[in-house]
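Asks: Quick check, what structure comes out for this input:
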Amino acid sequence: MAELKNPKLAISVALLAGIFWSFGPYVVRNIDEAHSVPWQYLFTRGMVIFILLNFYLYLEEGLDFIYNYKKIGISGIIGGCGLATAMITFIWSITNTTAAITLLCLASMPFITALLGFLFLKEIISTNVWVAIIVATIGILIMAIGNHEKNTLIGFLLGIVSAIGFSVFSVSLRWKKETPKFTTVAVAGLICFVVSLIVIINKDLSLVSSSKNQTLFALHGAIVCLGMILYAIASKNIQAAELTLLSLTEVIAGIFWVWLPWLGINEVPETNTIVGGFLIFLSIFYYSLIIRSNRRFIALN
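Replies: Purely as a prediction, here's the structure:
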C-alpha cells in the first residue's frame, strides 16, 4: 500500500485529490440531458469505481484483498454508506441547480467533519485550523448570497446531504485501524451500482445511455476513484477536518472548469461567487503554511 515517507507531502496529495474531483462537474455538464439519466450514470460510475479499486487492491495485495471484505466491520459499512449517499445526492444536486451551488454545499464538509470528528473521535481542532475554517465560511456565505436560480433550494438541500455523506466517510477513515479503508470506497461504489440497478429495474428504465454518455459516466468514475485513492493516502497524516479543508480545491477549480468559455460550458459565476471562492483559496493557502505534522497516523489498507 502506498505510503508517504514525508508526512508533509500529505498536503500536496490532498490538494491533488481535490483537483481530480473538480473535473466532475465539467464531465456532468457535458452529459446529454443529464437530468434524465441519473440512475444510468450512478450505475456505470459505481461499477467503474468498484472494479478499478478492486483491481488496485489486487495489484497491492494479490488475491488476499478478498479477505478485506470479511473484516470491513461497522466503521467500513458506515463509511461506505456515507460515501454512497454523497455520490447519489451529488448528481441530483448538480442537475437541479448550478455547479457553483452544488460545490458550495460540498465546501461545508470541513465544518460538518469537524463536528463529527469532535463528537465521535474526540479530535481537537487547532486554533489555526479554525481560523482557516472561519475564512472559508465567510467565503461560502459571500458566494451563496445572490444566487436565485430555479430549483436552488432542492439542489442546495441535496448538496448539503452530499456533504454530510462525504464527511461521514472522512471520519470513518480515521475511526478503526483494522478497517480496510480502500475496500470501504469499493463498497460505496457497489452500493451505488446495486441501488441504481434496483431503481432501473423497478422503473423499467434503459440500463445504458448513449455511447457518449456511457463514456462520460465511466470517465467520472475513474476520476472519482483516483481522487479517493489520493484522499485516503493523505488521511494517514492529516486529521479529518483538516483533510476536507484541503480538498476544497475541488470547489474552486470545479467552478473554474465550467466557467472557462473555451471548454464549451461557459457557466459564468456571479461576482459573489468569485469573491467567495478567492477567500476559500486564501483559507487553503493559509492552512498550508501553518499546518503541523499530525502524529496520529492510521494505516490505510
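Asks: Would you check that Gly165 makes contact with Gly80?
Replies: No: because the distance of 10.4 Å does not satisfy C-beta atoms under 8 Å, Gly165 is recorded as not touching Gly80. All C-beta spots, glycine's among them, are computed from the backbone N, C-alpha and C.
Asks: Name the nearest residue to Tyr41, sequence neighbours excluded.
Replies: Phe217 (5.0 Å; C-beta to C-beta, 6 or more residues apart in numbering).
Asks: Go through the one helix or strand that neighbour maps to and flag the buried ones.
Replies: Using DSSP states H and E, Phe217 sits within helix 211-234. For helix 211-234, a neighbour-count test (16 or more other C-beta atoms under 10 Å) marks 213-214, 216-221, 223-234 as buried.
Asks: Then stretch 264-272?
Replies: Within stretch 264-272, the residues that qualify as buried are 265, 267, 269-270, 272, counting by 16+ other C-beta under 10 Å.
Asks: tell me the contacts of the most centrally placed residue in the chain?
Replies: Centroid-nearest residue in the chain, with C-alpha atoms, centre = their mean: Phe166, separated by 6.0 Å. Residues near Phe166 by C-beta atoms under 8 Å, 6 or more residues apart in numbering: 82-83, 86, 106, 109, 244.
Asks: Apply 10 Å and report the result again.
Replies: Neighbour list for Phe166: 82-83, 85-87, 89-90, 106, 108-109, 112-113, 231, 244, 247 [criterion: C-beta atoms under 10 Å, 6 or more residues apart in numbering].
Asks: which one of those residues has the most neighbours?
Replies: For the contacts of Phe166, the largest number of neighbours (other C-beta atoms under 10 Å) sits with Thr244, at 32 neighbours.
Asks: Least confident secondary structure element in the chain?
Replies: Ranking every helix and strand in the chain by mean pLDDT, DSSP states H and E puts helix 240-246 at the bottom, with a mean of 67.
Asks: quick one on the thing from earlier: check which helix or strand covers the residue nearest to the centre of the chain.
Replies: Assessed by DSSP H and E, Phe166 sits inside helix 152-172.
Asks: the inter-axis angle of that helix versus helix 211-234?
Replies: 40 degrees (axes from the mean of the first three to the mean of the last three C-alpha atoms, to 10 degrees).
Asks: got the buried residues for helix 152-172?
Replies: 152, 155-172.
Asks: go on, stretch 130-148?
Replies: Result for stretch 130-148 [16+ other C-beta under 10 Å]: buried residues 132-133, 135-140, 142-144, 147.
Asks: from the chain's centre, how far out does that stretch sit?
Replies: Relative to its chain's centre, stretch 130-148 lies at 19 Å (C-alpha atoms, centre = their mean, to the nearest Å).
Asks: average pLDDT across that stretch?
Replies: Averaged across stretch 130-148, pLDDT comes to 78.
Asks: which stretches of this structure have low pLDDT?
Replies: 1-8, 146-151, 177, 239-245, 247, 288, 290-301 (pLDDT under 70).
Asks: quick revisit: from the contacts of Phe166, which land in helices?
Replies: 82-83, 85-87, 89-90, 106, 109, 112-113, 231, 244 (DSSP state H).
Asks: Now the two most distant members of the residues you listed.
Replies: With C-beta to C-beta as the measure, no two of the ones in helices among the contacts of Phe166 lie farther apart than Thr89 and Tyr231, at 18.3 Å.
Asks: related to what we said a few turns ago, please identify which of the contacts of Phe166 is nearest to Glu123.
Replies: Thr113 (9.2 Å).
Asks: one step back: give me the subset of the buried residues of stretch 130-148 that lies in strands.
Replies: Using DSSP state E, no member of those falls in strands.
Asks: Which one of these is nearest to Ile19?
Replies: When the buried residues of stretch 130-148 are compared against Ile19 (criterion: C-beta to C-beta), the nearest one is Ala136, at 17.2 Å.
Asks: Find the nearest non-adjacent residue to the closest one, please.
Replies: Per C-beta to C-beta, 6+ apart, closest to Ala136 is Ser283, 4.0 Å.
Asks: if I look at the one you found, how far off is Phe111?
Replies: Taking C-beta to C-beta, to the nearest Å as the measure, Ser283 and Phe111 are separated by 12 Å.
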